[in-house]
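In: Structure for the following, please:
(2 chains)
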Amino acid sequence: SQTIHQWPATLVQPVGSPLSLECTVEGTSNPNLYWYRQAAGRGLQLLFYSVGIGQISSEVPQNLSASRPQDRQFILSSKKLLLSDSGFYLCAWSVNLGAGNTIYFGEGSWLTVV
Amino acid sequence: DAKTTQPNSMESNEEEPVHLPCNHSTISGTDYIHWYRQLPSQGPEYVIHGLTSNVNNRMASLAIAEDRKSSTLILHRATLRDAAVYYCILKVTGNQFYFGTGTSLTVIP
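Out: Predicted structure coming up:
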């Protein structure tokens, strides 16, 4: 069966510090991968998605970036965090079966920028 | 991306059925209607999806209007564990999944 893991689960970072969140998927090949952010009390915002190694699409302009160095690894990064980067970050995957496919989420990472 | 409209919040008594509405008046012929739910401090989980016909699974039922401009997620007997934010999304061809703010369901014991 397929599993998705992301880490760290929680972190507190000072403003201006770098960020690296990692996500891996097991049990499937060539998945679509996603990073979402959820601010406190808000909906889910799609940040990045990737259909293959090295292929990243950005949904919103921001100081975050994403990379996909391996088929089942997705990394969210920042060189300098802002207070507004605080939130709940979710990695997700889906298979490319068109409009009927479903998306599966990881456990999430709580980021607090202080 | 195609838009959906849901009430911000709803309440239900435990053991009673819950009907969660969703309007998607701009839906196109190839858009699938998906429902997900998010428990506190967790990522969303898949509930059900459909295209034109009503759908049933072990978690819920999905009733789709004949013109497809609206749908209703039906939880047949609400339990306290069903308290969550429920998202109705339209899945168009392509790879993106766009979530709105959903409906926060409170289940009253």
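
In: Now the nearest residue to residue A:57 once chain neighbours are set aside: which helix or strand?
Out: Once flanking residues are discounted, residue A:57 sits nearest to residue A:49: 5.3 Å by CB to CB, 6 or more residues apart in numbering or on different chains. No exception for glycine: its C-beta is placed from N, CA and C like everyone else's. Using DSSP states H and E, residue A:49 sits within strand A:44-52.

In: Which strand residues bridge the residue in chain A positioned nearest to chain B?
Out: In chain A, the residue that lies nearest chain B is residue A:105 (2.8 Å; CB to the nearest CB). Assessed by DSSP bridges, residue A:105 has beta-bridge partners residue A:92.

In: With residue A:10 instead?
Out: residue A:110.

In: Do I have it right that it meets residue A:107?
Out: No - using CB atoms under 8 Å, residue A:10 makes no contact with residue A:107, being 10.7 Å away.

In: Looking at those two, which has the bigger crowd around it?
Out: residue A:107 (14 against 11; other CB atoms under 10 Å in any protein chain shown).

In: Per-residue pLDDT of residue B:92, please?
Out: In this model, residue B:92 is scored at 65, pLDDT.

In: Just the element for residue B:20, please.
Out: Per DSSP H and E: strand B:18-23 holds residue B:20.

In: ok, then the element right after that strand?
Out: strand B:32-38.

In: I'd like to know how far the residue in chain B positioned nearest to chain A sits from residue B:76.
Out: Chain B approaches chain A most closely through residue B:43 (2.8 Å), counting by CB to the nearest CB. Distance, residue B:43 to residue B:76, by CB to CB, to the nearest Å: 25 Å.

In: again with residue B:27
Out: In terms of CB to CB, residue B:27 sits 25 Å off from residue B:76.

In: Among these two, which residue is more densely surrounded?
Out: residue B:27 (22 against 11).

In: Low-confidence stretches in the chain?
Out: Here I'm looking at chain A. Counting by pLDDT under 70, chain A contains low-confidence ranges at A:96-100.

In: Hmm, no, I was thinking of chain B.
Out: For chain B (pLDDT under 70), the answer is B:1-2, B:92-94.

In: Would you map the helices across it?
Out: Per DSSP state H, chain B carries no helices over any range.

In: name the element the spatially most central residue of chain A belongs to?
Out: Residue closest to the average C-alpha location in chain A (CA atoms, centre = their mean): residue A:35, at 2.7 Å. According to DSSP H and E, residue A:35 maps onto strand A:32-38.

In: tell me the angle of that strand relative to strand A:44-52?
Out: Relative orientation of strand A:32-38 versus strand A:44-52 (axes from the mean of the first three to the mean of the last three CA atoms, to 10 degrees): 160 degrees.

In: for chain B, what are the nearby residues on chain A?
Out: A:32, A:34, A:36, A:42-44, A:46, A:49, A:51, A:59, A:88, A:90, A:92, A:94, A:96, A:98-108 (CB under 8 Å from any CB of the partner chain).

In: make it 10 Å
Out: A:4, A:6, A:32-34, A:36, A:38, A:41-46, A:49-51, A:57, A:59, A:88-92, A:94, A:96, A:98-108, A:110 (CB under 10 Å from any CB of the partner chain).

In: Filter those residues down to the buried ones and hand me the ChimeraX line.
Out: In ChimeraX, this line selects whichever of the residues of chain A next to chain B come out buried by 16 or more other CB atoms under 10 Å in any protein chain shown:
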select /A:4,6,32,33,34,36,38,44,45,46,49,50,88,89,90,91,92,94,99,101,102,103,104,105,106,108
